[in-house]
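Engineer: got a predicted structure here, sequence first:
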Number of protein chains: 2
Amino acid sequence: MDRIETMRAFMAVARDNSFTAAGRRLGLSTKLVSKYVRHLEAELQTQLFNRTTRSVSLTDVGSAYLERCRPILEQLDELDALVRERQGALAGPIRLTAPTGFGSTRLPAALLPFLKQHPDVELDMTLTDSRVAIVEEGFDLAIRIGSLRDSTLIARKLVDMPLVLCAAPEYLNAHGRPKDPRALATHVCLVNNNQVDLNVWRLRAGGREHAVRHRATIQANSPGALARLAEGGLGITIAPLYTVEAALDSGRLERVLPDYETDVFGVYALYPPNRHLTRRVRALIDHLAGEFSR
Amino acid sequence: MDRIETMRAFMAVARDNSFTAAGRRLGLSTKLVSKYVRHLEAELQTQLFNRTTRSVSLTDVGSAYLERCRPILEQLDELDALVRERQGALAGPIRLTAPTGFGSTRLPAALLPFLKQHPDVELDMTLTDSRVAIVEEGFDLAIRIGSLRDSTLIARKLVDMPLVLCAAPEYLNAHGRPKDPRALATHVCLVNNNQVDLNVWRLRAGGREHAVRHRATIQANSPGALARLAEGGLGITIAPLYTVEAALDSGRLERVLPDYETDVFGVYALYPPNRHLTRRVRALIDHLAGEFSR
DNA sequence: ATAATTATGTACAATATGGAGATAAATCGG
DNA sequence: CCGATTTATCTCCATATTGTACATAATTAT
């Protein structure tokens, strides 16, 4: 058995806490993943996981091993990619994380030409609306929207993303259409709790900014989920345009206070400064900047 | 095929410039080494070696690959050793180089108890009297005798090693026994050309130092070889005690100018400062210091 | 010029691999 | 609380891969 393969199997199980999920990720049967990990444990003469029939957790040795084998396998991937890149082609893995909404709408369209042009690049994309520790979790690149929290990363602006204040006609017919930002205080507000300041929406008109304080009646960490809830008539939300533009076009959502300007979020590519930026990651960032600037 | 195994085979061939020598080093047949390297080249889709039927050399890609896979495999060895050491035992490879004479006499006796006590330590010992680039050639530890040249390494004194001026009775009967250091100038002198100052031997008596200039009629980089040549009656040599003490005891060699003191060389353990000194290397150095201080 | 050595191709017996079927245990849903 | 479902693993086995043996070609040494 190939040691590299068994280590990858181990890492996948550790990541997903599941042999079955790891098998899905790796394209291997659960039996084979199980066999690989047992083989690695036999070679190392130690137990890497505690297991029951329905759950898996790392032992202390397993945690220590995981921490150390991750960079080794990354270097190996880099080495393979280097050899292939010396032959001219971009190659190797790119581990990318992005918000679910953006990552399942605008981003795939932007990625497609790049991936077609570079078939040896292996994209591993994780969509999540939770905060992600980019370096610790082994990502090469993260797409982030809105205010940035982690200043240790390099941020490159890809595009501006306007927010849109909107609600379903059903909701507005029942509760009235606010004529003034202050009126929002009496409405049900659906709030993205990934944002820095949960309870304040900023609106501008005639050169004046209104920092509207409202009650965050419903909150979630997914702007897409909030948009769907707004479509369902639960209340008013403020969401990035990409999550609601289809609903606006079809009439399922209406703009609220359309004469007011909302914040514009930046869409950023984030990557760690101390990681040697590989050619392919650099190339992808440049490509995305080009795609979104059109 | 195991990627790690194929990479190790590749590295061994690169090191020895020979599939046959690599096979001997690894305990594999030449055919298998050849097969492994070809498999690696197929996986990477590149040529790592240029070959004729009797010679091997690295391609440019092969050189670049070698440079990068060495630390990866070292880290993997470290990782395996770490897992075993967590179970309490010192484990993993120690790559040691030492001079041939010392390395085949005093050193093995000193190493033996350590290796018996730590069966999971895998000693890889290279004896050479040539200068060795310790870091570049992948050694963890070098034993050196005499003046030190490379100040970037940490040197720990293990023991003092006196030099002995001596010749065979056959030579001395034929050419006379020098009564004074200056008389050496008329003798055949066998000189270790690893030493800094080839043509000067330093002798001391009555508080006075005599820097004896002589002609280096015969020179070699092996004190053991010089000792054997002196035993054969070729001339006078000055050699570390360990290379000649058996011949002195048996009468095959005699001390020359025995009332004069010679230089005392230090025996040093040298290791790189920037390499994280593993527990087992540290333990070995401590052990050797203890052995030689008795 | 011949012998020895090195690297490799081909064939094949031996061994390992990966899948299938079955089992045991934990968790979920009714 | 019980049955169904899911997960992890064991055992068996057909298939694929491995590592060795024999042979070949080419280079180097004697």
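Structural biologist: Happy to help now that I have it.
Engineer: what parts of chain A come near DNA strand C?
Structural biologist: A:1, A:5, A:28-29, A:31-32, A:35, A:39, A:52-55 (C-beta under 7 Å from any atom of the strand). Heads up, the C-betas are built off the backbone N, CA and C, glycines and all.
Engineer: the same query, at a cut-off of 6 Å, please.
Structural biologist: A:1, A:28-29, A:31-32, A:52-55 (C-beta under 6 Å from any atom of the strand).
Engineer: the residues you listed also near chain B: which ones?
Structural biologist: Residues of those in contact with chain B (C-beta under 8 Å from any C-beta of the partner chain): A:Met1.
Engineer: and the residue most central in space within chain A, bridged to which residues?
Structural biologist: Nearest residue to the geometric centre of chain A (C-alpha atoms, centre = their mean): A:Ala98, 2.3 Å. A:Ala98 forms beta bridges with A:Leu127, as assigned by DSSP bridges.
Engineer: helix or strand: which one has A:Arg8?
Structural biologist: helix A:3-16 (DSSP states H and E).
Engineer: so does that helix get close to chain B?
Structural biologist: Yes - residues of helix A:3-16 contacting chain B under C-beta under 8 Å from any C-beta: A:3-4.
Engineer: only alpha carbons, please: show that helix as CSV.
Structural biologist: Presented in CSV, the C-alpha positions along helix A:3-16 are these (Å, rounded to 0.1, in the frame of the first residue of the first chain):
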residue,chain,number,x,y,z
ARG,A,3,2.1,5.4,2.3
ILE,A,4,1.0,8.7,0.7
GLU,A,5,-2.4,7.2,-0.1
THR,A,6,-2.8,5.9,3.5
MET,A,7,-1.9,9.3,4.9
ARG,A,8,-4.4,11.0,2.7
ALA,A,9,-7.1,8.6,3.8
PHE,A,10,-6.2,9.3,7.4
MET,A,11,-6.3,13.1,6.8
ALA,A,12,-9.7,12.8,5.1
VAL,A,13,-11.1,10.8,8.0
ALA,A,14,-9.7,13.3,10.5
ARG,A,15,-11.2,16.1,8.6
ASP,A,16,-14.7,14.7,8.3
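Engineer: any regions of chain A where pLDDT drops low?
Structural biologist: For chain A, the stretches with pLDDT under 70 are A:129-130, A:147-151, A:193-198, A:214-217, A:219, A:221-222, A:274-276.
Engineer: residues of it that sit close to chain B?
Structural biologist: Within chain A, the residues that sit near chain B (C-beta under 8 Å from any C-beta) are A:1-4, A:44-46, A:61, A:64-65, A:68-69, A:71-72, A:75-76, A:78-80, A:82-84, A:86-87.
Engineer: swap in 7 Å and give it another go.
Structural biologist: Listed as neighbours of chain B in chain A under the rule C-beta under 7 Å from any C-beta of the partner chain: A:2-4, A:44, A:46, A:61, A:65, A:68-69, A:72, A:75-76, A:79-80, A:83, A:86-87.
Engineer: ok, back up a step: using PyMOL, define a selection of the buried residues within the residues of chain A next to DNA strand C.
Structural biologist: Applied in PyMOL, the following selects the buried portion of these according to 16 or more other C-beta atoms under 10 Å in any protein chain shown:
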select buried, chain A and resi 28
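Engineer: just the residues of chain A next to DNA strand C that are near DNA strand D?
Structural biologist: Within these, those near DNA strand D by C-beta under 6 Å from any atom of the strand are A:31, A:53-54.
Engineer: so which residues of chain A form strands?
Structural biologist: For chain A, applying DSSP state E gives strands covering A:49-51, A:56-58, A:92-98, A:121-127, A:141-145, A:154-167, A:189-192, A:200-205, A:208-213, A:216-220, A:236-240, A:254-255, A:261-262, A:264-271.
Engineer: what about the closest residue in space to A:Val132 that isn't next to it in sequence, neighbour count?
Structural biologist: Once flanking residues are discounted, A:Val132 sits nearest to A:Thr97: 5.2 Å by C-beta to C-beta, 6 or more residues apart in numbering or on different chains. Look at A:Thr97: counted by other C-beta atoms under 10 Å in any protein chain shown, it has 22 neighbours.
Engineer: contacting residues for A:Thr97?
Structural biologist: Contacts of A:Thr97 were listed using C-beta atoms under 7 Å, 6 or more residues apart in numbering or on different chains, and they are A:126, A:128, A:132, A:139, A:142.
Engineer: drop anything exposed from the residues you listed.
Structural biologist: Here, 16+ other C-beta under 10 Å leaves A:132, A:139, A:142 buried among the contacts of A:Thr97.
Engineer: could you dump those to JSON lines with distance to B:Leu229?
Structural biologist: Shown next, in JSON lines, are the buried ones among the contacts of A:Thr97 (distance: C-beta to C-beta, whole Å):
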{"residue": "A:Val132", "distance to B:Leu229": "70"}
{"residue": "A:Phe139", "distance to B:Leu229": "65"}
{"residue": "A:Ala142", "distance to B:Leu229": "69"}
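Engineer: how many neighbouring residues does whatever residue of the stretch 151-294 of chain A ends up closest to DNA strand C have?
Structural biologist: DNA strand C sits closest to A:Ala225 of the stretch 151-294 of chain A, with a gap of 20.0 Å, by C-beta to the nearest atom of the strand. Neighbour count of A:Ala225, defined by other C-beta under 10 Å: 19.
Engineer: which ones are touching the residue sitting furthest away from the middle of chain A?
Structural biologist: No residue in chain A sits farther from the centre than A:Gln45, which is 37.7 Å out by C-alpha atoms, centre = their mean. By C-beta under 7 Å, 6+ apart, the contact list for A:Gln45 is empty.
Engineer: what comes up buried for stretch A:280-294?
Structural biologist: Those would be A:280-281, A:283-285, A:287-288, A:291-292, for stretch A:280-294 by 16+ other C-beta under 10 Å.
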